[in-house]
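Trainee: What follows is a predicted protein model with its sequence.
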Amino acid sequence: MEWQIKKILIGLDLDHDSKLKTLHKAIKMAEYSHAKLTVLYACPDYLANPMLGIFLTDEILEKAQTQYQTQLEDLCKANIPKSVEWETAIGSCKGHKPYLCLTEKAKAENFDLIVVGEHDRHGFDHIWLGSNAEKIMRYAPCTVMVVKNKETED
């Protein structure tokens, strides 16, 4: 049986410079396979932080989520050609764990492929924070493509 890609989930970090490269690679995959793109931003879970949660009202959180949604839609409108079907989604990072947001959505909605960008964390940062891309690969219910932020030099 041949593997067909019908639904692609893209996990984008709106604050990282890898977002455009990741988006463009996913667009190429969608064009080639005629798949639908779902572009997801895993919104930080501010309420999981007890220090911030005290000061943030529902109104402030809703405004932030609306801004993320607008930023994500503007990015998609500017970069995804009309020939590719797409949608955006905002997810909540439960306990600052973006990999859970992506893997749970991929499982719930039967995605065929997840595309994420590499964040170039090394050494202590990698040990302390872990690698979301690595965790997505480990827990995803489907194939995962990790887009390298920088090409390695041989």
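Mentor: Perfect, thanks for sending it. Residues are numbered from 1 along each chain as shown.
Trainee: Isn't Gln4 up against Ser33?
Mentor: Yes - applying Cβ atoms under 8 Å as the test, Gln4 and Ser33 come out as touching, 7.1 Å apart. Any C-beta I mention is one placed from the backbone N, CA and C, and that applies to glycine too.
Trainee: neighbour count winner among these two?
Mentor: Counted by other Cβ atoms under 10 Å, Gln4 and Ser33 do not tie: Ser33 has more neighbours, with 16 against 9.
Trainee: Need the three-state assignment for the closest residue to that one other than its chain neighbours.
Mentor: What sits nearest to Ser33 in space, not counting adjacent residues and going by Cβ to Cβ, 6 or more residues apart in numbering, is Ile5, at 4.0 Å. The three-state assignment at Ile5 reads coil, by DSSP: H, G, I helix; E, B strand; the rest coil.
Trainee: List the contacts of Ile5.
Mentor: If you count contacts by Cβ atoms under 8 Å, 6 or more residues apart in numbering, Ile5 has them with 29, 33, 35, 112-113.
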